[in-house]
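S.K.: sequence unknown, structure follows:
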């Protein structure tokens, strides 16, 4: 376990402004799930940028960076100075943060080598046996492992904050489940690392389709495999399937003990979505009970 005790406020991704002492508190993962283009990132950014946003909340990049910086602070003084200087001077800090993450997750996996294996094996089998092209299988695998390592990294951090994650393991599990049969879909959601809270953002397929087409202007080169070279009818069918699988996955995660909040973007504007999330986020924060230094 990374021994990081702190309730932190981040002014930006590179600067920790305030630290207060908190003993034995794990970092929280609040993940967003839903169709591409439904508005997950928009909702997350609105919550983080709204006036009076809690310093308790941060985005995934901030959370990953905070854990990395605080991890360096646990080193011996001479080594700590050298490593933190190297970190601050890094020209590609996001890549350096991920290198530190990968190194630490290696130790996490060494402590419990079999814990995540069933999930990984199930996901890789689904991807390898799918009809995706080779480079699409490579992308799906890379995205899955990137978010899996984020989940393991944050779950092992003793840091009293919550990271709002729009590109998270639950979303990538959903994308893999799109390639799977019913049995494999159920197993994927039964095995994936459990977030502290899941926000299911959903809406009518027609509205999602229009947003997708507007956003993915180069449709033949879209990173969204079900959008490429497909007509409206085929994409709408894929979106309907995605919403159905996401709802099923939320039910499975709820049975496992995850708090699930459902947001219908057709019925709630951004302000109302943020208001609907306020109480669950406050409850999550309330478990931290920070003590100021």
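M.R.: Good, I have the coordinates. None of the values given here were measured: they were computed from a predicted structure.

S.K.: just for this structure, where's the confidence low?
M.R.: 1-25, 51-54, 71-92, 216-229, 286-293 (pLDDT under 70).

S.K.: which residues of it fall in helices?
M.R.: 40-49, 60-72, 77-89, 93-111, 117-128, 134-155, 169-177, 182-191, 205-215, 232-255, 270-286 (DSSP state H).

S.K.: for the fourth one, list every residue counted as buried.
M.R.: Of all the residues in helix 93-111, those buried under the rule 16 or more other C-beta atoms under 10 Å are 93, 96-98, 100-101, 104-105, 108. In short, each C-beta sits where N, CA and C put it, glycine included.

S.K.: next, the angle helix 60-72 makes with it.
M.R.: Counting by axes from the mean of the first three to the mean of the last three C-alpha atoms, to 10 degrees, helix 93-111 lies at 70 degrees to helix 60-72.

S.K.: and what of the shortest one?
M.R.: Counting by the same axes, to 10 degrees, helix 169-177 lies at 120 degrees to helix 60-72.

S.K.: spit out the contact partners of residue 192.
M.R.: 119, 169-170, 173, 253 (C-beta atoms under 8 Å, 6 or more residues apart in numbering).

S.K.: which one of these is nearest to residue 46?
M.R.: Distance to residue 46, by C-beta to C-beta, is smallest for residue 170 among the contacts of residue 192, at 19.9 Å.

S.K.: which ones are touching that closest one?
M.R.: Per C-beta under 8 Å, 6+ apart, neighbours of residue 170: 31, 33, 192, 195, 198, 249, 253.

S.K.: any chance of JSON lines for the buried residues of helix 93-111, columns distance to residue 58?
M.R.: As requested, the buried residues of helix 93-111 are exported to JSON lines (distance: C-beta to C-beta, whole Å):
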{"residue": "93", "distance to residue 58": "16"}
{"residue": "96", "distance to residue 58": "18"}
{"residue": "97", "distance to residue 58": "13"}
{"residue": "98", "distance to residue 58": "17"}
{"residue": "100", "distance to residue 58": "17"}
{"residue": "101", "distance to residue 58": "15"}
{"residue": "104", "distance to residue 58": "18"}
{"residue": "105", "distance to residue 58": "19"}
{"residue": "108", "distance to residue 58": "21"}
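
S.K.: which pair in the residues you listed spans the largest distance?
M.R.: Based on C-beta to C-beta, the longest span within these runs between 93 and 108 and measures 22.2 Å.

S.K.: residue contacts, residue 191?
M.R.: With C-beta under 8 Å, 6+ apart, residue 191 has these contacts: 118-119, 122.

S.K.: typed the wrong thing, it's residue 261
M.R.: With contact taken as C-beta under 8 Å, 6+ apart, residue 261 is in contact with 197-200, 276-277, 280.

S.K.: deepest in the core, which of the helices of the chain is it.
M.R.: Most buried of those, by mean neighbour count (mean count of other C-beta atoms under 10 Å): helix 169-177, with a mean of 24.

S.K.: among the contacts of residue 261, which pair sits farthest apart?
M.R.: Within those, 198 and 276 form the most distant pair, 13.8 Å apart (C-beta to C-beta).

S.K.: re the thing from before, just the contacts of residue 261 now: which is nearest residue 57?
M.R.: Proximity of these to residue 57 (C-beta to C-beta) peaks at residue 277, which lies at 10.1 Å.

S.K.: from residue 264, how far off is the spatially most central residue of the chain?
M.R.: What sits nearest the mean C-alpha location of the chain, by C-alpha atoms, centre = their mean, is residue 168, with 2.4 Å. Distance, residue 168 to residue 264, using C-beta to C-beta, to the nearest Å: 20 Å.

S.K.: would you turn the contacts of residue 261 into a markdown table with distance to residue 57?
M.R.: Below are the contacts of residue 261 laid out as a markdown table (distance: C-beta to C-beta, whole Å):
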| residue | distance to residue 57 |
| --- | --- |
| 197 | 12 |
| 198 | 16 |
| 199 | 13 |
| 200 | 19 |
| 276 | 15 |
| 277 | 10 |
| 280 | 12 |
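
S.K.: apart from its neighbours in sequence, what residue is nearest residue 64?
M.R.: Once flanking residues are discounted, residue 64 sits nearest to residue 97: 5.4 Å by C-beta to C-beta, 6 or more residues apart in numbering.

S.K.: check contacts around that neighbour.
M.R.: By C-beta under 8 Å, 6+ apart, the contact set of residue 97 is 61, 64-65, 68.

S.K.: give me that answer again for 6 Å
M.R.: Residue 97 sits next to 64-65, 68 when contact means C-beta atoms under 6 Å, 6 or more residues apart in numbering.
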